[in-house]
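S.K.: based on what follows, work out the 3D shape:
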Amino acid sequence: MNRPTTLREAVEAADSILIGAGAGLSAADGDHHSGPIFDARFADFRAQRGITDAYSGGFYPFPTSEECWAFWSRMISLLRYESGPGHVYSDLLGLVGERDYFVITTNVDHRFQASGFDKERLFYTQGDYGLLQCSVPCHDATYDNEKWVREAVASQVGMRIPSELIPRCPKCGEEMTTNLRVDARFVQDSGWREAAERYQQFCERTSTGRVLHLELGVGMNTPSIIKFPFWRRVHDNPEATYVCAALDAAAPAEIVDRSLLIRGDIAEALASARG
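M.R.: A predicted model of the protein is given here:
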């Protein structure tokens, strides 16, 4: 396949589409990891702890569990349950339509599913804001947290939740934690493993032929999950193409002749391609 000249052209020429999505896609969709809405919601944490964004706040060494869970419940509520997806994800879904596609993403905000993407075609490699797990962990299971989050947000006073609301593992009694990949304790439950298997099957089935590797908003924090495998797959398949939309979009020299680099606004690129 020759080098595509537009995103629409690349999509229309493909038999299958593998989408790799990073934080830049949700940022283009208007998420609130930082900015005015985050500042307003976390004014107390900003004033007392210097927290200016969700990412740095997630690694802050809070002095008590009550304060830690006050921050996390408020953040999960904002990013997972209150902030519905915008037009960027719907534009992407409209672009791929009924085509043969699969999504691998490091995002944990659930925007793909909330936008109508088929759950069976999604692999959330790094976890989900909507799940809790044992912090030990003593077993490989995750737990939906929506009810707890809403109660914790409503009950917190002065950057603290009531001690009795600190989430505890139902099996060993230890404190729970978020189901996010930050260390070796990350729980890969049955849903995660099944999604990983579906992703592997898709990759095996599309190792040849006209496959579009569409990378959206992926940085260099974890390039071994999406970026490097995409480059390798395109290199190994002469009919494959690579499209990267990001402010720092780039491609190796070995595949640049089959690559389209969109260094600009992802929202504009998707809206234009959808037409």
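S.K.: quick check: chain neighbours aside, which residue is closest to residue 24?
M.R.: Excluding its sequence neighbours, the residue lying closest to residue 24 (CB to CB, 6 or more residues apart in numbering) is residue 217, at 2.2 Å. Glycine gets a C-beta too; all of them are placed from N, C-alpha and C.
S.K.: residues touching that neighbour, list them.
M.R.: Contacts for residue 217 (CB atoms under 8 Å, 6 or more residues apart in numbering) come out as 21, 22, 23, 24, 25, 26, 27, 28, 245, 246, 266.
S.K.: from residue 6, how far off is the first one?
M.R.: Relative to residue 6, residue 21 is positioned 20 Å away (CB to CB, to the nearest Å).
S.K.: neighbour count for those two, which is higher?
M.R.: residue 21 (24 against 14; other CB atoms under 10 Å).
S.K.: I'd assumed residue 219 was in contact with the more buried one.
M.R.: No - in this structure residue 21 lies outside contact range of residue 219 using CB atoms under 8 Å: 11.4 Å.
S.K.: report all helices and strands that the longest helix along the chain contacts.
M.R.: Counting residues, the longest helix found in the chain (DSSP state H) is helix 190-205. Packing partners of helix 190-205 (3 or more CB pairs under 8 Å, 6 or more residues apart in numbering; DSSP states H and E): strand 16-21, strand 100-105, strand 122-124.
S.K.: now that helix - C-alpha only, CSV.
M.R.: What follows is helix 190-205, C-alpha atoms only, in CSV (Å, rounded to 0.1, in the frame of the first residue of the first chain):
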residue,chain,number,x,y,z
SER,A,190,-10.8,-12.4,33.9
GLY,A,191,-12.2,-9.5,31.9
TRP,A,192,-8.7,-8.2,31.3
ARG,A,193,-7.3,-11.6,30.3
GLU,A,194,-10.2,-12.2,27.9
ALA,A,195,-9.7,-8.8,26.3
ALA,A,196,-6.0,-9.5,25.9
GLU,A,197,-6.7,-12.7,24.2
ARG,A,198,-9.1,-11.0,21.8
TYR,A,199,-6.5,-8.4,21.0
GLN,A,200,-3.9,-11.2,20.3
GLN,A,201,-6.3,-13.0,18.1
PHE,A,202,-7.0,-9.8,16.1
CYS,A,203,-3.3,-9.2,15.7
GLU,A,204,-2.7,-12.7,14.5
ARG,A,205,-5.6,-12.6,12.1
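S.K.: and the angle from the next helix or strand after that helix to strand 16-21?
M.R.: Note on helix 190-205: by DSSP states H and E, the next helix or strand toward the C-terminus is strand 211-216. Computed by axes from the mean of the first three to the mean of the last three CA atoms, to 10 degrees, the angle separating strand 211-216 from strand 16-21 equals 20 degrees.
S.K.: excluding its backbone neighbours, what's nearest the residue positioned nearest the centre of the chain?
M.R.: Geometric centre of the chain, nearest residue: residue 107, 0.8 Å, by CA atoms, centre = their mean. Once flanking residues are discounted, residue 107 sits nearest to residue 26: 5.5 Å by CB to CB, 6+ apart.
S.K.: now find how far off-centre the helix or strand that the one you found is a member of is within its chain.
M.R.: Residue 26 belongs to helix 23-28 when assigned by DSSP H and E. Its chain's C-alpha centre and that of helix 23-28 lie 9 Å apart, by CA atoms, centre = their mean, to the nearest Å.
S.K.: for it, packing partners?
M.R.: Packed against helix 23-28 by the contact rule (3+ CB pairs under 8 Å, 6+ apart) you find helix 87-96, helix 266-274.
S.K.: list the contacts of it.
M.R.: 33, 88-89, 92, 105-107, 109, 111, 216-219, 246-247, 265-267.
S.K.: how does it look with 7 Å?
M.R.: By CB atoms under 7 Å, 6 or more residues apart in numbering, the list of residues contacting helix 23-28 from outside reads 88, 107, 109, 111, 216, 217, 218, 219, 246, 265, 266, 267.
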